[in-house]
Each structure stands twice: as structure tokens, then as C-alpha cells.
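Enquirer: Sequence plus predicted model, see below.
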Amino acid sequence: QAVPAGSHVRLNLQTGDREAKLLDGENGKSDTREERRRKRLAKVDVDSNSFTSQELKKALAKMKESEKAERKVRRAHEEEVRKKFRPIEQLKEEFEKLNMKMEADYEIMVKLISKFNSSASTLDEKVAALYDLEYYVHQV
């Protein structure tokens, strides 16, 4: 048996039955089953015991319309973001035109490790490489 969300449910250890407490309504009394059904299905006609196929089709159409509206809002937001930002490939091309090379953090870290491991590096260069490497590792 399904119970409304937020209901108090317990297991009676003496009888082994599961029990659910009906939620109190606004006036302090428990709502009847029909009142709870009307609240849950407020937008749909609930006077009959079953729904006609036309009522179901209308409800489904409303759901589809709201989903389409949500998709339009998401697309509009995505377009705004695309207008504000450029793809990384485009940025790399523009930096190359300016004779600047854009490197990712991992590329810089590989260079710092190779500088640290190099026997040609001085002690000061190795210490500087470690400090720089510490900065990049901390970000990761």
C-alpha cells in the first residue's frame, strides 16, 4: 500500500504489522482519502473515479508543453554562455597568432619535474622548481 510522502510509518513488533499515521490537515483533523486525492491532483478533474482518455491526453500534453518550455530556457542559457566564452581551441589559435604558447598545468608540471631531475640544473633552479611544483600540485 502506498502512503503519502511525509507520513509517520512504524513497524508494530507485537503484531508484525506496519502502521502509518495519517497526516493532520490544516484544521488539525486528518484529511479524508478523497481530500488528499483532490490536493494531490488539484489541476485535474477528480470528481470521477477514473480518468477518461481525453483527460489523460490533455494532462500529458500539458506536461510535454512544460518540458518544451524548460528546454527552451536551457538552450537560451547555453547560448548566453557560448556568447560570453570561447572554445579553448580558438583561444590557442589566437595566442599562437600573438606568438604566445598556452600551456596546461600538467605540461608545466612535467617541465618542472624534468628541470628538477636534470643534472645540469643548479641548486637554486631545483629549489625554485620545487616551489613552483608545490603551487601546481596544491591546485590539483
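Expert: That came through, no problem. Just so it is clear, the model here is predicted, and its values are computed rather than measured. Numbers count the residues shown, from 1 in each chain.

Enquirer: and the helix or strand hosting Lys57, what other elements does it pack with?
Expert: In this assignment (DSSP states H and E), Lys57 forms part of helix 53-84. When contacts are defined as 3 or more Cβ pairs under 8 Å, 6 or more residues apart in numbering; DSSP states H and E, helix 53-84 packs onto no helix or strand at all. Just so you know, the C-beta spots here come from the backbone N, C-alpha and C atoms, and that holds for glycine as well.

Enquirer: Now do that helix: distance to the chain's middle.
Expert: Chain-centre distance of helix 53-84: 18 Å, with Cα atoms, centre = their mean, to the nearest Å.

Enquirer: got it, and stretch 83-101?
Expert: That offset, for stretch 83-101, works out to 29 Å (Cα atoms, centre = their mean).

Enquirer: Would you mind measuring the gap between the ends of that stretch?
Expert: 24 Å (Cα to Cα, to the nearest Å).

Enquirer: what's next to that stretch, contact-wise?
Expert: Met102 (Cβ atoms under 8 Å, 6 or more residues apart in numbering).
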